[in-house]
Structures are given as structure tokens and as C-alpha cells.
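Student: Sequence plus predicted model, see below.
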Amino acid sequence: MRKLEFTFSNEPTNEPVTIRINVGMRNYSDVKLFIPKVDGKPSVLPNKRWYVYYYFRNPETGLMEKFKDYCKINTYKTVNERKEIGKVWVDAYTLLLSQGLNPFADNPISEKILAEPLKKSVKPKAAETESFENIKYTVRTALNYAYDNKLGTWKESTASDYITRLNVFLQWTKANKLDKIDIAELKDVHVIAFMNWLTMPKPKGRGVGGTSQDNYKRCLSGLFEKLVKDKIIDHNFLADVDTKKNDPIKNTPFTGYQVKEIREYLLQHDKQLYHFIQFVIFTFLRNREIIRLTAGDINLKEKYLKIETKTQARQTKRLVGPVLTYLNEINVSSLPKKAHLFTNTGAFEIWDASEKTKVDHFGNRFKKVKNHFGYGDEYGIYSFRHTAALDLFFSHIKKGLTEREAILKLMPATGHASEDALRNYLRDIGGMLPKDYGADYTLEF
């Protein structure tokens, strides 16, 4: 702490008088709320403790020391509730420190001292003041609890999908006066009624298809499973509810001629989308994986990249052909490590947007290409991944490899974990067609 000293004469005795003034620093820091996180998301897991903290200057050493108080914040069950009560405690401590609170004083801080600032806080609900054994959850509070407690384990896209479908279900329960009943009173017949309502044509229902209905079941079942694990309900009956998936419109592989005309069009009208599709073809990455790519993911010297994929937290992919050439051309090693390789502006920079927004951006750009050539909904950017897999597979076969040898050689490129998985994938996209068997017939018709 800086000190200023002033000395002057005190008339009429002319005795020197010294005044010392402490300048420039408070004895305490701002009060803050510590929020533990899992995978970048606030967590309310039992081993993740929330607390309020600040630093106060030790009067003996002059050094700032940390003080923290759990303030019973961890008795609250959801992220939003803990943030709300945490802010109240932050404001309370801030007020008391400004009024002279000293944690080094002999008398400990008591709840009575903090009672006045806490009068403005939101009173905890009855369920929060009871023992854990006696807590009662409604349909709404139980499912919100499950969502908040699983939030830290999800990716952004998963969390967005879950909250969207959960809100639809909660709106339906409210309309049918089920949202405030005890979660234990919710029966399978209620959920079956919801599933049926989903597929009813508008305006009587929501008018979704079988695949979308199955996705609602998947999300809700995940939340109910969390409630089972936390001993809030006994059984996840969602797992027993039947739904029917539609056969989705597949991303049909392109022919060689189609690939050629798309290439020529993109080189003239959208060079960045051209390079985006090159990554699909030569690395077998999916759209969502490509938009995650940053300069720091690329190792040009060793000719590989590392990226989070659908099946692995961190997967290594070999850089080959035109992709390697392109990365050398842009001198990717000189770019900022966090700069995205594909953005909405075309520049190599951090693109701060959701993954869905990014994927939709490039999907809409390719839609213009489809409209130009008159391609239908069965074609998409993902079609190039299928096209590349077929091209390599048949190329290996033409070189004399057996089917199994071709599959084993193709597996490291596509990233499939087993021969059967890759064989089924090739079968789905038309890669396992039989040889010409016309000459084998003995029938005449």
C-alpha cells in the first residue's frame, strides 16, 4: 500500500506535525461467485461445489488472502437456482465489505450479520428446504432437474436438441394439466398420448414424421433415465414405448459426371465451398467436423490433422492429395491457432457461432448449387463422402484386391471401427452390388 507523509509546523508553538495518508488501494477485492464446470458447462454434480469468494488484505503481512463461503448454495438443485441465490450472496458480501466487514476480526461472520442483505433474496421452494428423502418433484421440476444435471456432459448441439424437445413436451403437459402432478404419477399412457399427438396432422397435432417422433422419445428417455439413476422415479417406461422411424432420404452418391460439373461450377462461383467439399472427399470428415477445424488442428510437417468427430473425442486423419496442397497454399502454419479454416466471411478467423448455424450456412450455400443443376433432396454435401468411399472401394477392386482386402484398406480412411460396419455402410450406398449374373440364367421368358 502506498503511503504519503506531510510534515508542517503547528503555530504558535512551531512544533512539527506529521500526517500519514494511505492511498490508492482497497483492503478487499470484488466479490465473485465460483461456478464449477464440466466440459465448459455449469455443473451441479455432487463433487462440484459452488461458493462465493473474495480477497482481503491481511493487516499483518499486507498481502491479499482468499476467503470463501459456500453459503448453502449447494443445497439448491438447478444451475439457474444456484446462480440466482449466488448473486444474492455476492451482493450481500459486497454491501457488508463496503460497510467495514473485516474477516480477520475476532468475531466470526454469522448468518445474523447477513440476514438483512438476504431479505431481498428469493425464498427457496418447499422442496429445497426439506430433506432429500422428502423432496417432491412435479413433472416440470423433475425434467428440468434432469436436464440441468446432464447439461455438463453434452455438446452444444445435443443440449440445444434436448431443450427444444423438452419444451415441446412440457407445453403439451401444461395444456393437458399434467405439468404440476407428481412425477411418480405420470404414466406410460400419458407419454403414449404425447407420442400420438406428435404425429397427428396440424392443427390437431404437431405433424412430425416417424423419425422426428423417435428423436423425441430418445431425448425424453435420456432425461427419464437420469431420474431413475438419481432415485427420483423407479422405472424409465419411455424405453418401452414403441415409435416408428421413417426411412430417411439418403444422401445419394454422385456420378462421375455430376462431380465434374459441380467442380467446374464451384471453381467459378464459390471457391471456399469447393475447398470445403474437398475436405469431405479426401478426409472423410462430416460437415459438422469440418466447421470445427482450426489452424491449430493441422500438422503440415507430419501431414495429419486432429479433430473431434462423431465417434471419438480426438481423431487423427491423414492429409492427402488436394487437401494437403490447399493447406500449403494458404500457409496454414502461419495462421493464428484458433482461426477457423471455414467461415461465413471466407477469412481465416474465429467464427463465433453455434455449430448448427455454421452447418446450415454451408448447407444453404450448397443448396444454391443443387438448384442450379436441378438436384433433389436426396443429394447433399454428405453425398460426396459416399461418392469418395465408393470411388476408393472400386478402385481397390479394379487393382485386383479381394472384397475383404479392399475393405481392410479402406477402413483407416473412412474411420469405421469394424469390417462389418464398413461393409454395411457400403451396402447401404450401393457399393456391394453383385457381378453381372445375366449369363447364368437357364430360364427363357
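Tutor: Arrived safely, thanks for sending.
Student: Quote the end-to-end distance of stretch 323-337.
Tutor: Distance between the boundary residues of stretch 323-337 (CA to CA, to the nearest Å) amounts to 18 Å.
Student: what's that stretch in contact with?
Tutor: Contacts to stretch 323-337, defined as CB atoms under 8 Å, 6 or more residues apart in numbering, come from residues 275, 278-279, 282-283, 294-296, 298, 300, 303, 319, 341, 348-350. Quick note: C-beta positions are derived from backbone N, CA and C, even for glycine.
Student: Likewise for stretch 403-416?
Tutor: Stretch 403-416 has contacts (CB under 8 Å, 6+ apart) with 284, 309, 311, 315, 317-318, 389, 392-393, 396-397, 401, 419, 422-423, 425-426.
Student: Now it: average pLDDT?
Tutor: Mean pLDDT, stretch 403-416: 89.
Student: tell me which residues of that stretch are tucked away?
Tutor: Within stretch 403-416, the residues that count as buried by 16 or more other CB atoms under 10 Å are 406-407, 410, 413-416.
Student: Closest one to residue 70 out of the contacts of stretch 323-337, please.
Tutor: Of all the contacts of stretch 323-337, residue 350 has the smallest distance to residue 70: 36.2 Å, by CB to CB.
Student: Can you give me the pLDDT of the nearest residue in space to the closest one that is not next to it in sequence?
Tutor: Among residues not flanking residue 350 along the chain, residue 338 sits closest, at 5.5 Å (CB to CB, 6 or more residues apart in numbering). Reading off the confidence values, residue 338 has pLDDT 92.
Student: Backbone dihedrals for residue 338, please?
Tutor: Here is the backbone geometry of residue 338 (degrees, to the nearest 10): phi -90, psi 0.
Student: my read: it touches residue 297, true?
Tutor: No. The pair residue 338 / residue 297 is not scored as a contact, 10.1 Å apart, by CB atoms under 8 Å.
Student: So the two - more neighbours on which side?
Tutor: Higher neighbour count among residue 338 and residue 297: residue 297, with 18 against 10, using other CB atoms under 10 Å.
Student: wait, what's in contact with the more buried one?
Tutor: Contacts of residue 297 (CB under 8 Å, 6+ apart): 305-307.
Student: how near is it to residue 337?
Tutor: Per CB to CB, to the nearest Å, residue 297 is found 9 Å from residue 337.
Student: same check, this time on residue 211
Tutor: Counting by CB to CB, the gap from residue 211 to residue 337 is 39 Å.
Student: neighbour count winner among the two?
Tutor: Comparing residue 211 with residue 337 by other CB under 10 Å, the one with more neighbours is residue 211, at 13 against 10.
Student: before we move on, which element is the more buried one in?
Tutor: Using DSSP states H and E, residue 211 falls within helix 210-229.
Student: May I see the buried residues of that helix?
Tutor: Within helix 210-229, the residues scored as buried using 16+ other CB under 10 Å are 212-217, 219-227.
Student: Ok, stretch 378-396 next?
Tutor: 379-390, 392-393, 396.
Student: before we move on, the earlier item: inside helices: which ones of the contacts of stretch 323-337?
Tutor: Residues from the contacts of stretch 323-337 lying in helices, with DSSP state H as the criterion: 275, 278-279, 282-283.
Student: Contacts only, for the closest residue to residue 293 other than its chain neighbours.
Tutor: Of all residues not flanking residue 293 in the chain, residue 341 sits nearest, at 4.7 Å (CB to CB, 6+ apart). Residue 341 makes contact with 290, 293-295, 298, 332, 348 under the criterion CB under 8 Å, 6+ apart.
Student: Adding neighbour count, distance to residue 233 and pLDDT, write those residues out as JSON lines.
Tutor: Converted to JSON lines, the contacts of residue 341 look like this (neighbours: other CB atoms under 10 Å; distance: CB to CB, whole Å; pLDDT from 0 to 100):
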{"residue": "290", "neighbour count": "23", "distance to residue 233": "41", "pLDDT": "94"}
{"residue": "293", "neighbour count": "21", "distance to residue 233": "42", "pLDDT": "94"}
{"residue": "294", "neighbour count": "20", "distance to residue 233": "42", "pLDDT": "94"}
{"residue": "295", "neighbour count": "19", "distance to residue 233": "48", "pLDDT": "94"}
{"residue": "298", "neighbour count": "23", "distance to residue 233": "47", "pLDDT": "94"}
{"residue": "332", "neighbour count": "21", "distance to residue 233": "51", "pLDDT": "93"}
{"residue": "348", "neighbour count": "18", "distance to residue 233": "50", "pLDDT": "94"}
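Student: out of those residues, who's nearest residue 357?
Tutor: The closest of the contacts of residue 341, once distances to residue 357 are taken by CB to CB, is residue 290, at 14.3 Å.
Student: how far away is the closest one from residue 322?
Tutor: Distance of residue 290 to residue 322, computed by CB to CB: 14 Å.
Student: With residue 385 instead?
Tutor: Per CB to CB, residue 385 is found 15 Å from residue 322.
Student: How about residues contacting the helix holding residue 211?
Tutor: Helix 210-229 is contacted by residues 142-143, 145-147, 149-150, 161-162, 165-166, 168-169, 183, 191, 194-195, 198-199, 208, 233-239, 241, 243-246, 248 when judged by CB under 8 Å, 6+ apart.
Student: Buried only: go through those for me.
Tutor: In the contacts of helix 210-229, burial by neighbour count holds for 142-143, 145-147, 149-150, 161-162, 165-166, 168-169, 183, 191, 194-195, 198-199, 208, 233, 236-238, 241, 243, counting by 16+ other CB under 10 Å.
Student: so of the residues you listed, which ones are in strands?
Tutor: Among the buried ones among the contacts of helix 210-229, none falls in strands (DSSP state E).
Student: Keep only those of those that are in helices.
Tutor: Per DSSP H, helices hold the following members of the buried ones among the contacts of helix 210-229: 142-143, 145-147, 149-150, 161-162, 165-166, 168-169, 191, 194-195, 198-199.
Student: how about residue 37, what does it touch?
Tutor: By CB under 8 Å, 6+ apart, the contact list for residue 37 reads 43, 48, 152.
Student: measure the closest residue to residue 43 other than its chain neighbours to residue 217 for me?
Tutor: Excluding the flanking residues, the one nearest residue 43 by CB to CB, 6+ apart is residue 152, at 4.1 Å. Distance, residue 152 to residue 217, using CB to CB: 23 Å.
Student: And residue 97, by the same measure?
Tutor: 52 Å.
Student: In CSV: the contacts of residue 341, plus distance to residue 88.
Tutor: Shown next, in CSV, are these (distance: CB to CB, whole Å):
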residue, distance to residue 88
290, 45
293, 43
294, 39
295, 43
298, 47
332, 49
348, 44
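Student: out of those, which are inside strands?
Tutor: Taking DSSP E as the definition of strands, the contacts of residue 341 contribute residue 298.
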